[in-house]
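Participant: Provided below are the primary sequence and the corresponding predicted coordinates.
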Protein chains: 2
Amino acid sequence: MARVVVDVMPKQEILDPQGQAVANALPRLGFEGISEVRQGKRFELEVADSVDDATLARIAETLLANPVIEDFAVRRVEA
Amino acid sequence: MARVVVDVMPKQEILDPQGQAVANALPRLGFEGISEVRQGKRFELEVADSVDDATLARIAETLLANPVIEDFAVRRVEA
């Protein structure tokens, strides 16, 4: 078994209202110095050793991310 | 300026219906060998160099994560 992390973030040119809301809330709560916040998703998968990188990429782009508006990165990590 | 990543994941003992839904969909779509999926959030922040790690931890635990049900990790990354 391997642990795989898939990070999914809105593309830079896409509006990110959730991240914007966090960025706007920070000064109101007394936190200065944060100029930008973007919010995305993180998936952790437990994957059999037989699953190859091409399959993981297909899973990420069909099921975990919307490639029209999101970038994704797949990486294997030590468990 | 520094880039900071905050990963927020549901605690291991907390049910994760979104991750479960993904895990259940995978075999239906022809992807075998994925035994568990957990879904969390990833935040990317652009932070002034004056913001210290203690402040980042407070931002994460008050605004980005719910520590009752979520674990979080804060790390600085190269831009």
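Facilitator: Sure thing, it's come through.

Participant: The longest strand anywhere in chain A to strand B:34-47, inter-axis angle?
Facilitator: Determined from DSSP state E, the single longest strand within chain A is strand A:34-47. With axes from the mean of the first three to the mean of the last three Cα atoms, to 10 degrees applied, the angle from strand A:34-47 to strand B:34-47 works out at 170 degrees.

Participant: List the buried residues of strand A:34-47.
Facilitator: Residues of strand A:34-47 classed as buried by neighbour count (16 or more other Cβ atoms under 10 Å in any protein chain shown): A:Ile34, A:Val37, A:Arg38, A:Gln39, A:Gly40, A:Lys41, A:Arg42, A:Phe43, A:Glu44, A:Leu45, A:Glu46, A:Val47. For glycine as for every other residue, the C-beta is placed from the backbone atoms N, C-alpha and C.

Participant: Could you restrict the residues you listed to the ones contacting chain B?
Facilitator: Here is what survives when the buried residues of strand A:34-47 are matched to chain B using Cβ under 8 Å from any Cβ of the partner chain: A:Ile34, A:Val37, A:Arg38, A:Gln39, A:Gly40, A:Lys41, A:Arg42, A:Phe43, A:Glu44, A:Leu45, A:Glu46, A:Val47.
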